[in-house]
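**Student:** 3D, please:
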Amino acid sequence: MTDQNKQNETLQSKATTFYSMLSQKFELLEKLPQKQLPMKYAFLLVGIIIFVFAWKQIAVGKIESDMNKELESERTLITQQAREHADKQYKKEEERFGQVLAWAVRSELIRNNIDQIGLYMNEIVKQINADRIVLIGEGGELLVSTDKRLEDVKGSDLYSSEVINEHKITIKSDVDGKKLLIAPISDFNKRIAVLVISYNQAKIN
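**Tutor:** This next block holds a predicted model:
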């Protein structure tokens, strides 16, 4: 019985000690929420938060600005490429039109149907909204003009030798403020005349 009592006392002592340790731990945990950081650390923490927020705003703003600049640059490039492509396509169509018109005029010119050419050119100038169309002979004489005020004017007085002596379908973008479509007319590889269509320059927005 004595040994049994000693064992009971030992167990009771261990239990008391363990309970005491737990009580101390819980007491520390209860006090933690009541502790406060020193004021300078609180201000430092607030300052860090403000700095991070401000830096984020600046960084986001810079990224947005860079993206806007990049998008604007891409839009400008795409617009420029689209215009260049449209200009090339339009130029091809103009050259094709000049070639077809030159063939039609050539057929009548070989037959010496000058009046028929005049009627044909007057109709064409209205349809394409051109300034005027003139047919100049190989010697520089003005054969036909849709502008009746030029009937007594020499073709060589209207345009330079560079224009009159052109040997292939050519578009000149600015000749005395006008755009010219020049279509030489040949008969068996021999130039017999040149057709010059004059347009007012289109305004670029």
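
**Student:** Could you list the low-pLDDT ranges of this structure?
**Tutor:** Along the chain, the parts satisfying pLDDT under 70 run over 1-47, 49, 51-53, 56, 85-86, 201-205.

**Student:** the strands in it, which residues?
**Tutor:** According to DSSP state E, the chain carries its strands in the segments 132-137, 142-145, 170-175, 178-187, 190-200.

**Student:** Ile48 is nearest to which of those?
**Tutor:** strand 170-175 (63.8 Å; CB to CB). Backbone N, C-alpha and C define where each C-beta goes, glycine included.

**Student:** For the closest one, which outside residues touch it?
**Tutor:** Surrounding strand 170-175, the residues in contact under the criterion CB atoms under 8 Å, 6 or more residues apart in numbering are Lys91, Glu94, Glu95, Tyr159, Val163, Lys179, Leu180, Leu181, Ile182, Gln201.

**Student:** Same list (these) but as JSON lines, adding distance to Thr79.
**Tutor:** JSON lines is the format used below for these (distance: CB to CB, whole Å):
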{"residue": "Lys91", "distance to Thr79": "18"}
{"residue": "Glu94", "distance to Thr79": "22"}
{"residue": "Glu95", "distance to Thr79": "25"}
{"residue": "Tyr159", "distance to Thr79": "35"}
{"residue": "Val163", "distance to Thr79": "33"}
{"residue": "Lys179", "distance to Thr79": "22"}
{"residue": "Leu180", "distance to Thr79": "27"}
{"residue": "Leu181", "distance to Thr79": "26"}
{"residue": "Ile182", "distance to Thr79": "30"}
{"residue": "Gln201", "distance to Thr79": "21"}
